[in-house]
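J.: make a model of this:
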Amino acid sequence: MPRASRPLSLLVLFVLPATAQGQAGTGPKELQPWLISLTAVVIFLFIVFVLLLINRLWQIRMRRLEHAGCANPAAEKDSDEESDGEEQSKATAL
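T.: As a prediction, this is how the structure comes out:
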């Protein structure tokens, strides 16, 4: 199993039994306020973890593209135009 899917599979393994236990009751049960807060914090931290993981993967991908010579052609065109403008201003100043 790939490394990235291990935390997700562990999360599913822990959530499924808890859901089954919650359905075994005779009616709807109200959660304790501290448990609701704890659940909110855990969900928030999980979302932050996923966003940081996506950011890291995006940075790695961009670094590989830059090293492969597939950088943004529009940025290269802008930098070429700026250097041409500087050369022209130097030529006319003399």
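J.: looking at the protein, which helix is longest?
T.: Longest helix of the chain, by residue count under DSSP state H: helix 33-67.
J.: let me see the mean pLDDT of that one.
T.: Averaging pLDDT along helix 33-67 gives 95.
J.: what's around F46, how many residues?
T.: 13 (other Cβ atoms under 10 Å). Just so you know, the C-beta spots here come from the backbone N, C-alpha and C atoms, and that holds for glycine as well.
J.: from here on, call the first residue 545.
T.: In the new numbering, first residue 545, that becomes F590.
J.: how much space separates L579 from I604?
T.: Here L579 is placed at a distance of 37 Å from I604 (Cβ to Cβ, to the nearest Å).
J.: for L595, same thing?
T.: Distance check for L595 against I604: by Cβ to Cβ, it reads 15 Å.
J.: before we move on, what about V586?
T.: Distance, V586 to I604, by Cβ to Cβ: 27 Å.
J.: repeat that for V585.
T.: For V585, the distance to I604 - Cβ to Cβ - is 29 Å.
J.: ditto for L589
T.: Separation of L589 from I604 (Cβ to Cβ) stands at 23 Å.
J.: what of V594?
T.: Counting by Cβ to Cβ, the separation of V594 from I604 is 16 Å.
J.: got it, and G613?
T.: Using Cβ to Cβ, G613 is found at 17 Å from I604.
J.: ok, now L575?
T.: Taking Cβ to Cβ as the measure, L575 falls 40 Å from I604.
J.: got it, and A584?
T.: Taking Cβ to Cβ as the measure, A584 falls 31 Å from I604.
J.: repeat that for L596.
T.: Distance from L596 to I604, by Cβ to Cβ: 13 Å.
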